[in-house]
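Chemist: got a predicted structure plus its sequence, pasted below:
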Amino acid sequence: MPYVETRDGVNLHVKDTGTGKPVVLIHGWPLTGDMFEYQTLALLEAGYRVITYDRRGFGQSGHPVGLYDYDTLADDLAAVLEDRDVHGATLVGFSMGGGEVARYLQRHGRGRVAKAALISSVVPYLLNDASNPEGVNESIFDEMKANIRQDRFEFLQTFAKQFYGIGLVSRPVSSALLEWTFQLAVMASPKATLECVDAFGKTDFRGDMASFTIPTLIIHGTADKTVPIDVSGRAAAAAIPHATFIEYEGEPHGLHATAPDRLSNDLLNFIGL
């Protein structure tokens, strides 16, 4: 069946293909598991089992009114791994999905997990406050939510251009891929779209970082304007000293599409070690 039921009765839409070692790809906001098209194909062709799922409130998963905190989202990931009897997995969290990886390891341990990868991830903490002076000002997140409320459709189209660094990278994505991104994003419920801005923007994962006791890969673009590298990728690498950290010079947030072959190859090399 393509659905997994969570502990509070939400149905998560899951795609589970291939028969090799499992790789679980956890998508970014405000997209779906289908955002990993390039990486899924590369992993399947290399002989891996690939599992993607739509976060609650997004894509083809159930759209509950509440419960978009990271404890709940990590428990959703746990439900997927348990239902699909996953062991020895590599968890790959993109952007908001990096938070699920961190909180899952903190709440559920490494029993089912062999490796972890954080791609353009929000970990360890985005919000600017006295303890994180280089973080993102709260007004940025407030403005995002105001724009979503005013015209979610216009916001999503504008956001996608920043997401892929339109005007910044040497090989911009096609207009067709931009349209596809909009189609994925607009499937989300307005409530989930709003609630998750606070979840990824204001959740402090610094207390979860000690749970990364497994081989960990961190990849981040130096031109990421959505999740700035200094407060995220570089800070995560400093907090996980045994991690492998790769900076993609000049790449934006959505490097899964702007540098798909490089990302797929780096993931394959890391998983195959």
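Modeler: Structure received.
Chemist: just the strands in the protein please.
Modeler: 3-5, 11-17, 22-26, 49-53, 89-94, 113-119, 216-221, 244-248 (DSSP state E).
Chemist: nearest to residue 135 among the ones you listed would be which one?
Modeler: Shortest distance between residue 135 and the strands of the chain, using Cβ to Cβ, is found for strand 216-221: 15.4 Å. In short, each C-beta sits where N, CA and C put it, glycine included.
Chemist: ok so, going back, TSV for the strands of the chain, including mean neighbour count, mean pLDDT and distance to residue 42?
Modeler: Shown next, in TSV, are those (neighbours: other Cβ atoms under 10 Å; pLDDT from 0 to 100; distance: least, Cβ to Cβ, whole Å):
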stretch	mean neighbour count	mean pLDDT	distance to residue 42
strand 3-5	16	97	25
strand 11-17	18	98	13
strand 22-26	27	98	10
strand 49-53	23	98	9
strand 89-94	26	98	12
strand 113-119	25	98	14
strand 216-221	24	98	15
strand 244-248	17	98	17
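Chemist: wait, which of those strands is closest to residue 60?
Modeler: Smallest distance to residue 60 across the strands of the chain (Cβ to Cβ): 3.8 Å, for strand 11-17.
Chemist: distance to residue 164 added to the strands of the chain, as JSON lines?
Modeler: As requested, these are exported to JSON lines (distance: least, Cβ to Cβ, whole Å):
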{"stretch": "strand 3-5", "distance to residue 164": "30"}
{"stretch": "strand 11-17", "distance to residue 164": "23"}
{"stretch": "strand 22-26", "distance to residue 164": "18"}
{"stretch": "strand 49-53", "distance to residue 164": "20"}
{"stretch": "strand 89-94", "distance to residue 164": "13"}
{"stretch": "strand 113-119", "distance to residue 164": "14"}
{"stretch": "strand 216-221", "distance to residue 164": "11"}
{"stretch": "strand 244-248", "distance to residue 164": "13"}
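Chemist: closest to residue 146 out of those strands?
Modeler: strand 89-94 (25.3 Å).
Chemist: name all residues that make contact with the closest residue to residue 244 other than its chain neighbours.
Modeler: Closest residue in space to residue 244, ignoring its immediate chain neighbours: residue 217 at 5.0 Å, by Cβ to Cβ, 6 or more residues apart in numbering. Under the criterion of Cβ atoms under 8 Å, 6 or more residues apart in numbering, the neighbours of residue 217 are 115, 116, 117, 118, 243, 244, 246, 266, 267, 270.
Chemist: residue 217 and residue 121: what is the separation?
Modeler: Residue 217 is 11 Å from residue 121, where distance means Cβ to Cβ, to the nearest Å.
Chemist: likewise for residue 199?
Modeler: 14 Å.
Chemist: please say which of these two ends up with more neighbours.
Modeler: Using other Cβ atoms under 10 Å, the more surrounded residue of residue 199 and residue 121 is residue 121, with 29 against 19.
Chemist: surely that one and residue 92 touch.
Modeler: No - if you go by Cβ atoms under 8 Å, residue 121 and residue 92 don't touch, sitting 9.9 Å apart.
Chemist: which residues are in contact with both of the two?
Modeler: With Cβ under 8 Å, 6+ apart as the test, residue 121 and residue 92 both reach residue 101.
Chemist: if we can go back for a sec, which one of the contacts of residue 217 is nearest residue 38?
Modeler: Residue 38 lies nearest to residue 267 out of the contacts of residue 217, by Cβ to Cβ, at 10.5 Å.
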